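Trainee: sequence below, structure please.
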Amino acid sequence: MDLIDLMTTGVNPEDAALDRLEAILARFEAEDPEVQDEALARARDYCDLHWGGYQSGLAALADRIEARAADPLAGSLAGLRWRQEGEDSGSTIRAVRRRRDAAGRQDAARAALIERYGSEEAARGPTPLERVFVTAAADLTAAGDVGDPFAPLSGWSLPWHPLPEDLRQAVAAAQRLPVSIVEAREECLAWEGRRDELALLGEGPGSAALPTACAARHRIVEELWRKDLPASDPADLLARLEYWRARGGDDGLGYQVVLADLGRLIDGGSLTRSGGGTGDIARALKAEHPDWSLAMIGKHLGISRQAVHKHLKR
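Mentor: Predicted structure coming up:
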């Protein structure tokens, strides 16, 4: 601190320098990349002049932010941001640009989604398929919620709560349930894709949730994929394994379910105990997905494309 300046002007030179540095750093959020780059160069030069280095200048700023913060946690987080910038020059600007690029991609995806449906209202739904289930369960809506597709049905709205039996029956009867694990997986993923679409459309009630009847249907088909349907062929087994690999918990249930599937397939002759099941699964995958390449089938089985070719020739 320069005591003469402080006594004659009442201004602490260190605070004045840090105020100026904050003003320069504020331009890291500028829309123009050239303005951001210029601000970074000026901040480096300014820190070199006043503190002998960029990292030292940002550390001094972080110290002041932390000392003045009314909320210690917020102050620590704000200070940490500038300490990290001091250690990795330009990281703040890179983060700003990544955030904006992500927002730009999201805006483009949102515009494409609306264009595909024809309007934002149509994209928000309910879609014709969703209306099938909403209509089927409409009688289970409370009197004050009639017409709201996101309202509780028979008191149910939270996906982790057990489904009421009347709701289960209503959405199961509205459209044929999957009869294979492969079908259950495809329907489950379709509902999750639709949920992602709703999340993309923005904020607000139900923006990232399916209509309640559709959420109930999703819950049912996910359980069919998870454990409620028996595997009837190698493709089913592969779909079941996919569920437990990507979503299964660590309570051991997945092993029990898959072991039961393996037992049924071996007893039925679909797989052999000698290990000949890889070829069966490869042929089942090719039949299920005729457009898949040998490399894609090999990726799912964990073998080379040449090995897939040999299995398919047998």
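
Trainee: how is this structure divided into domains?
Mentor: 3-98, 125-229, 251-314 (automatic domain parsing).

Trainee: so which of these is the most packed in?
Mentor: With neighbours defined as mean count of other CB atoms under 10 Å, the domains of the chain peak in mean count at domain 125-229, which reaches a mean of 17. (Glycine included, C-beta is placed from N, CA and C.)

Trainee: what's the spacing between the longest helix seen in the chain and its chain's center?
Mentor: Secondary structure of the chain per DSSP state H: the longest helix is helix 91-117. Distance of helix 91-117 from its chain centroid, counting by CA atoms, centre = their mean, to the nearest Å, is 15 Å.

Trainee: how about TSV for the domains of the chain, with mean pLDDT added?
Mentor: Converted to TSV, those look like this (pLDDT from 0 to 100):
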stretch	mean pLDDT
domain 3-98	90
domain 125-229	91
domain 251-314	76
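
Trainee: of all those, which one is nearest Tyr243?
Mentor: domain 125-229 (5.3 Å; CB to CB).

Trainee: how near is the most centrally placed residue in the chain to Ala284?
Mentor: The centroid of the chain falls nearest to Asp196 when counting by CA atoms, centre = their mean (8.4 Å). Separation of Asp196 from Ala284 (CB to CB, to the nearest Å): 29 Å.

Trainee: got it, and Asp101?
Mentor: From Asp101 to Ala284 the distance is 41 Å (CB to CB).

Trainee: also Phe133?
Mentor: Phe133 is 31 Å from Ala284, by CB to CB.

Trainee: helices along the stretch 101-250 of the chain, start to end?
Mentor: 120-124, 128-136, 165-174, 181-200, 212-223, 234-246 (DSSP state H, counting those that start in this stretch).

Trainee: Throw these into TSV and include distance to Arg68, thanks.
Mentor: Converted to TSV, the helices of the stretch 101-250 of the chain look like this (distance: least, CB to CB, whole Å):
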stretch	distance to Arg68
helix 120-124	45
helix 128-136	52
helix 165-174	55
helix 181-200	38
helix 212-223	47
helix 234-246	47
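
Trainee: which one of those helices lies nearest to Glu66?
Mentor: helix 181-200 (36.3 Å).

Trainee: other residues contacting that closest one?
Mentor: 106, 109-110, 113, 123-125, 127, 130, 178, 206-210, 214, 217-218, 221-222, 224-225, 229, 231-232, 235-237, 239-240, 242-243, 288 (CB atoms under 8 Å, 6 or more residues apart in numbering).

Trainee: can you tell me the SS state at the nearest residue to Ala30 once chain neighbours are set aside?
Mentor: Once flanking residues are discounted, Ala30 sits nearest to Gln36: 5.3 Å by CB to CB, 6 or more residues apart in numbering. Using DSSP: H, G, I helix; E, B strand; the rest coil, the structure places Gln36 in helix.

Trainee: quick check, Gln36 in contact with Ala26.
Mentor: No. Gln36 is beyond contact range of Ala26, at 10.9 Å (criterion: CB atoms under 8 Å).

Trainee: is it possible to get a markdown table of the domains of the chain that adds distance to Ser119?
Mentor: A markdown table is the format used below for those (distance: least, CB to CB, whole Å):
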| stretch | distance to Ser119 |
| --- | --- |
| domain 3-98 | 30 |
| domain 125-229 | 11 |
| domain 251-314 | 32 |
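
Trainee: any idea which of those gets closest to Tyr117?
Mentor: Of all the domains of the chain, domain 125-229 comes closest under CB to CB, at 8.1 Å.
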